[in-house]
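Q: Please find the sequence and the predicted model below.
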Amino acid sequence: MKDKKLFYITNTRIPTDLAHGIQIMNVCSAMANEGMEVVLLVPKRVTNLYTEPFLYYGLKPNFTIKKVGLVDFLPLEKYLGRIAFWLQLLNFYLACFFYLLFQSGKYIIYTREIIGVLLSVFGRKVVYECHNIPASKQAIFLRLAQKADKLVVINENLKKYFIQNFLPSQSILVAHDGVDLEKFTTNLSQKQARQTLGLPMDKKIILYTGHLYKWKGVQILATAMSSLKDHLCYFVGGDKTEINKLNFNGEFDKENIIIVEQQPHDLIPTWLKAADVLVLPNSSQEEISRLYTSPLKMFEYMASQRPLVAAYLPSLVNVLNKENCVFFEADNAKSLSDSILRVINDNALANHISQQSIKDVRSYSWTSRARKIVQFIQN
């Protein structure tokens with residue numbers, strides 16, 4: 001008899017304005033649609049997002065969310081430093097231990113944190129979903145990874161890493177992140193999208209969505225806009241803290257750059273439809289960007305039927321190719337501006353990569369991802 005009950009355990013505040021919250025909730029929902037009885041265990045955390053989680057993410061309540069833990073240490077981070085994170089993590093997993101102690105019957109433990117594999121003490125199957133490799137203490141990390149029954153990794157480079165470190169290939173599944181195709185593949189026209197958002201009709205719009213972290217390459221895109229003065233670039237995302245950290249006296253101090261504070265996720269499909277070019281400018285300077293990421297925005301861009309310009313990086317070429325996007329040399333502002341102009345000035349090229357993107361992204365729906373994972377972890 002196959003295990004049908006699954007405890008998805010993650011030290012993540014839900015709801016959260018970070019992209020991994022979207023991923024977690026959609027994965028749980030999709031696995032529930034595949035017949036799993038899913039219980040999402042998350043910490044009791046202080047939050048300024050008071051919307052009910054299923055409403056916040058636009059999902060049906062087809063799984064259970066259970067918040068566990070005693071103390072939220074993270075508000076004390078300015079006093080305790082990094083210790084606050086470790087106290088909070090240990091508190092959460094200790095609470096999960098006692099919660100599972102009273103659970104009977106067969107079930108699968110599915111965790112996003114490597115420490116979660118220690119819950120194998122309950123004698124249940126443990127699946128670890130890996131999104132990155134730590135910069136230090138890799139020997140401990142690998143020893144813990146070996147305790148997992150199965151590993152789910154978000155791109156091929158992560159699988160190579162584990163195989164090179166003597167984990168068996170058959171215990172590792174590559175499952176890239178995904179997208180809600182129904183939400184992002186809409187019939188909204190560019191004109192309608194711009195009218196909805198109050199954007200100018202007479203300008204070419206280059207668009208980036210998401211947080212404004214340096215490793216995501218936002219500075220390179222801002223610098224590239226110096227060569228694209230007749231066009232507008234919108235950065236949609238980031239909270240006030242991120243925006244305040246940007247160098248407004250340098251790359252971002254331009255009349256053709258507009259920064260829009262983080263928008264509700266339900267509005268992102270409209271923003272994408274309003275654009276002429278979508279940009280994925282990831283930097284090669286950090287391993288997570290160069291090797292291990294599988295950006296949600298990549299799949300959202302592909303589903304929007306708008307042309308995509310992306311950095312040529314090992315992490316992205318697992319999904320992207322010269323048929324569904326135009327590449328540029330990572331961290332090279334001139335290469336980026338040239339690629340953007342190439343798309344803007346060549347309608348046939350823009351249409352071709354847009355149409356190929358929508359064909360290719362159909363393999364990366366949350367439903368497809370969940371089906372692969374459920375089949376894998378039940379065998």
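A: That came through fine.

Q: Assess the claim that Leu181 and Val361 are in contact.
A: Yes - between Leu181 and Val361 a contact is recorded at 7.2 Å, counting by CB atoms under 8 Å. (C-beta placed from N, C-alpha, C; glycine too.)

Q: okay, and the common contacts of the two?
A: Common neighbours of Leu181 and Val361, counting by CB atoms under 8 Å, 6 or more residues apart in numbering, are Ala303.

Q: Neighbour count for the two, which is higher?
A: For Leu181 versus Val361, neighbours defined as other CB atoms under 10 Å are more numerous around Val361 (24 against 18).

Q: That one: what's it in contact with?
A: 179, 181, 299, 302-303.

Q: Then Gly217?
A: Contacts of Gly217 by CB under 8 Å, 6+ apart are 281-283, 289, 311, 330-331.

Q: is it fair to say Leu89 lies in a helix?
A: Yes - the assignment for Leu89 by DSSP: H, G, I helix; E, B strand; the rest coil puts it in a helix.

Q: mind listing what it touches?
A: 11, 113, 115.

Q: Does the last one touch Phe141 like I think?
A: No - with the criterion set as CB under 8 Å, Ile115 and Phe141 do not qualify as a contacting pair; they are 10.1 Å apart.

Q: how deep is the residue nearest to Ala135 when sequence neighbours are not counted tucked in, by neighbour count?
A: Spatial nearest neighbour of Ala135, chain neighbours left out: Glu287 (7.5 Å); criterion: CB to CB, 6 or more residues apart in numbering. Glu287 has 15 neighbours, counted by other CB under 10 Å.

Q: what do you get for Gln262?
A: Around Gln262 there are 19 other residues, counting by other CB under 10 Å.

Q: For Thr209, see how far away it is.
A: Gln262 is 9 Å from Thr209, where distance means CB to CB, to the nearest Å.

Q: Could you name every residue contacting both of those two?
A: Common contacts of Gln262 and Thr209, defined by CB under 8 Å, 6+ apart, comprise 236-237.

Q: picking that back up, now for the contacts of Val361, which sits with the most neighbours around it?
A: Met302 (30 neighbours).

Q: residue ranges for the strands of this protein, please.
A: 5-9, 37-43, 64-68, 108-111, 125-130, 150-153, 172-174, 205-209, 232-236, 257-260, 277-280, 308-311, 326-328 (DSSP state E).

Q: what separates the first one from the chain centre, distance-wise?
A: The chain centre lies 20 Å from the centre of strand 5-9; the measure is CA atoms, centre = their mean, to the nearest Å.

Q: May I see the buried residues of it?
A: By 16 or more other CB atoms under 10 Å, the buried positions in strand 5-9 come out as 6-9.

Q: And for stretch 62-73?
A: Here stretch 62-73 shows 63, 65, 68-69, 72-73 as buried, counting by 16+ other CB under 10 Å.

Q: got the CA positions of that stretch in CSV?
A: Taking Å, rounded to 0.1, in the frame of the first residue of the first chain, the C-alpha atoms of stretch 62-73 are listed here in CSV:
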residue,chain,number,x,y,z
ASN,A,62,-7.3,21.3,-0.2
PHE,A,63,-4.6,20.7,2.4
THR,A,64,-4.0,21.5,6.1
ILE,A,65,-1.7,24.2,7.5
LYS,A,66,-0.5,23.6,11.0
LYS,A,67,1.6,26.2,12.8
VAL,A,68,3.9,24.9,15.6
GLY,A,69,6.5,26.3,17.9
LEU,A,70,6.8,28.2,21.1
VAL,A,71,8.9,31.3,20.6
ASP,A,72,9.7,33.4,17.5
PHE,A,73,13.4,34.4,18.1
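
Q: For the most centrally placed residue in the chain, list the residues it contacts.
A: Centroid check for the chain by CA atoms, centre = their mean gives Leu296 as the closest residue, at 4.0 Å. Neighbouring residues of Leu296 by CB under 8 Å, 6+ apart: 19, 22-23, 177-179, 210.

Q: circling back to that earlier point, as a markdown table, the contacts of Gly217 with neighbour count, pLDDT and distance to Lys322 would be great.
A: Output for those, formatted as a markdown table (neighbours: other CB atoms under 10 Å; pLDDT from 0 to 100; distance: CB to CB, whole Å):
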| residue | neighbour count | pLDDT | distance to Lys322 |
| --- | --- | --- | --- |
| Pro281 | 23 | 98 | 18 |
| Asn282 | 27 | 98 | 17 |
| Ser283 | 20 | 97 | 21 |
| Ser289 | 23 | 97 | 21 |
| Ala311 | 29 | 98 | 14 |
| Ala330 | 21 | 98 | 16 |
| Asp331 | 18 | 97 | 20 |
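
Q: picking up where we left off before, could you dump the buried residues of stretch 62-73 to CSV with distance to Glu37?
A: Shown next, in CSV, are these (distance: CB to CB, whole Å):
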residue, distance to Glu37
Phe63, 8
Ile65, 13
Val68, 18
Gly69, 22
Asp72, 28
Phe73, 31
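
Q: from these, which single one is nearest Leu197?
A: Comparing these against Leu197 with CB to CB places Ile65 closest, at 31.8 Å.

Q: do you know how far the closest one is from Leu41?
A: In this view, Ile65 and Leu41 are 8 Å apart by CB to CB.

Q: Columns distance to Gln355 on top of the strands of the chain, output as TSV?
A: Shown next, in TSV, are those (distance: least, CB to CB, whole Å):
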stretch	distance to Gln355
strand 5-9	36
strand 37-43	35
strand 64-68	38
strand 108-111	36
strand 125-130	32
strand 150-153	30
strand 172-174	26
strand 205-209	19
strand 232-236	24
strand 257-260	28
strand 277-280	15
strand 308-311	12
strand 326-328	14
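
Q: No more questions from me, cheers.
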